[in-house]
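Asks: Requesting a structural model of the entry that follows:
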Amino acid sequence: MNKSFLRTWGFILLLLVAFALLRWQLGGAAPTPAAFAQHTSLKDALTQSQQTGKPVIVMATADWCGPCQTLKRGALTDPRVTAWIGQHAIAAYADFTDDSTPEAVDAQALLGIQAYPTLLLLRDGHEISRIEGVVPVGELLDWLHAAEG
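Replies: Predicted coordinates:
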């Protein structure tokens, strides 16, 4: 066997091991945070928002997204965040794990998601605020409280 062949397969094996370790460390797909546990579609949330006057908070996520899993295990599990969402907003879960589903295509067209995870606040179907990436609970709470004012 030539050295180039062994190096190539060694590199591929190293990448596979690194991916497996990363997946193990992240624990796979995180459970859906309590505030989004109903998996309300964006369409249904917008309808509920029209009826209640509450804004919609959208979580754009995907099972293959490591930072999404971190956010779902972190700040979104904080009881203060769950309580705020329950009191002040209609929660919509936009799952982009398979971005070819009709729901994902519709959500992408309306929301213009550029990064995962993304949290958006919508009022009357229009974006009023957006936060992207993994954020600590304090920053997330500040963002939510700023939406009240």
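
Asks: Can you list the neighbours in contact with stretch 130-141?
Replies: Contacts to stretch 130-141, defined as C-beta atoms under 8 Å, 6 or more residues apart in numbering, come from residues 67, 70-71, 74-76, 78, 80-81, 84, 114-115, 117-121, 143. C-beta here means a position set from N, CA and C on the backbone, and glycine is covered the same way.

Asks: Could you tell me the end-to-end distance of it?
Replies: The first and final residues of stretch 130-141 sit 13 Å from each other (C-alpha to C-alpha, to the nearest Å).

Asks: That one: which residues count as buried?
Replies: By 16 or more other C-beta atoms under 10 Å, the buried positions in stretch 130-141 come out as Arg130, Ile131, Val134, Val135, Leu140, Leu141.

Asks: Distance from it to the middle of the chain?
Replies: 11 Å (C-alpha atoms, centre = their mean, to the nearest Å).

Asks: Stretch 101-119 now?
Replies: Taking C-alpha atoms, centre = their mean, one finds stretch 101-119 lying 10 Å from the centre of the chain it belongs to.

Asks: and it, which residues are buried?
Replies: Neighbour-count burial for stretch 101-119 flags Glu103, Ala104, Ala107, Leu110, Leu111, Ile113, Tyr116, Pro117, Thr118, Leu119 (criterion: 16+ other C-beta under 10 Å).

Asks: Nearest to Thr61 among those residues?
Replies: Closest approach to Thr61 among those (C-beta to C-beta): Pro117, at 5.2 Å.

Asks: does the closest one really touch Cys68, like I thought?
Replies: Yes. Between Pro117 and Cys68 there is a contact at 4.3 Å, judged by C-beta atoms under 8 Å.

Asks: okay, and the common contacts of those two?
Replies: Shared contacts of Pro117 and Cys68 (C-beta under 8 Å, 6+ apart): Thr61.

Asks: sorry, back to before: JSON lines for the buried residues of stretch 130-141, including secondary structure, pLDDT and distance to Ala92?
Replies: Formatted as JSON lines, those follow (DSSP: H, G, I helix; E, B strand; the rest coil; pLDDT from 0 to 100; distance: C-beta to C-beta, whole Å):
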{"residue": "Arg130", "secondary structure": "strand", "pLDDT": "95", "distance to Ala92": "14"}
{"residue": "Ile131", "secondary structure": "strand", "pLDDT": "96", "distance to Ala92": "15"}
{"residue": "Val134", "secondary structure": "coil", "pLDDT": "96", "distance to Ala92": "20"}
{"residue": "Val135", "secondary structure": "coil", "pLDDT": "96", "distance to Ala92": "18"}
{"residue": "Leu140", "secondary structure": "helix", "pLDDT": "97", "distance to Ala92": "17"}
{"residue": "Leu141", "secondary structure": "helix", "pLDDT": "97", "distance to Ala92": "20"}
